[in-house]
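Asker: this is a predicted model, with the sequence first.
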Amino acid sequence: MSSSSHPVSENQVSTAEVRAAGPTGRARLPRHLVSGTLGLLATPIGLGLIGYGSGQLRRTIAELPGNTGITGAAAMVAGGLVLLGVALLGRLSPLGPLAGGLVWGVLPGLFVLAFPMTTFRITSDLLDVGDLGAGALGLLLTGGILATGMALTGAGIGSVLSRRGRAASRLER
C-alpha cells in the first residue's frame, strides 16, 4: 500500500516517480528554446574564432618566423571553449548541440563533399576578408567544420540517449 488511501499496483507509476523524471511537455519548451537559440548563435561564433585564430596563426608563421602567434592561439582556445559550451547545452536540452552541429557543421560539410568546386567558387571571396576568411575557408575545405558539426551532433544525440536511459531506469525502480 502507498501512503495515500489508494493502492498503487506494480505497473502504475507513483506521483513521486513522475516528479523525479523531470519536466514534461510545455515545461520543457523554454529549455528547448534557450538551448536551440544559443546553439544556433554560439556555434558560428566559436567556429569564427577558431577560423580567425587559425588564419592569424598561419599568417604569423608564414610572414613572421619566430613570433609566437599568441593572438591566433588565444582566439582558437576561445573558440574551442565556446564550442564546448554549445556541447554542454545538451545538459539543458539536446536541441542546442543538435541544431548548431547540423546547421553550422554537418550540412555545410556535406555540401563541400558533394560539390567541392562549387563550394570553392562560392567561398573563394572569403580570402579577401583576411585572417577570418582564410581560416574559415581552411576549416570548411579541410573538413574541420564537418568534424566539429559531427561532434556537436554526437553530443546532442548522446544527451538524448542519456535522458532516455535515465528515464527508463527511474521507471524500472
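Answerer: Yep, that arrived.
Asker: tally of neighbours for the nearest residue to G156 once chain neighbours are set aside?
Answerer: In this structure, G156 finds its nearest non-sequential neighbour in L98, 3.4 Å apart by C-beta to C-beta, 6 or more residues apart in numbering. Bear in mind the C-beta positions are built from the backbone N, C-alpha and C, glycine included. Residues lying near L98 (other C-beta atoms under 10 Å) number 24.
Asker: which parts of this structure are helices?
Answerer: Secondary structure of the chain (DSSP state H): helices at 15-20, 29-63, 70-88, 95-101, 107-114, 116-123, 131-142, 144-172.
Asker: buried sites along the last one?
Answerer: Counting neighbours by 16 or more other C-beta atoms under 10 Å, one finds that the buried residues in helix 144-172 are 144-146, 148-153, 155-156, 159, 163.
Asker: now the helices of the chain as JSON lines including mean pLDDT?
Answerer: Converted to JSON lines, those look like this (pLDDT from 0 to 100):
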{"stretch": "helix 15-20", "mean pLDDT": "50"}
{"stretch": "helix 29-63", "mean pLDDT": "91"}
{"stretch": "helix 70-88", "mean pLDDT": "95"}
{"stretch": "helix 95-101", "mean pLDDT": "97"}
{"stretch": "helix 107-114", "mean pLDDT": "94"}
{"stretch": "helix 116-123", "mean pLDDT": "86"}
{"stretch": "helix 131-142", "mean pLDDT": "84"}
{"stretch": "helix 144-172", "mean pLDDT": "86"}
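Asker: from those, which stretch is densest packed?
Answerer: Of the helices of the chain, the one with the most neighbours on average (mean count of other C-beta atoms under 10 Å) is helix 95-101, at a mean of 28.
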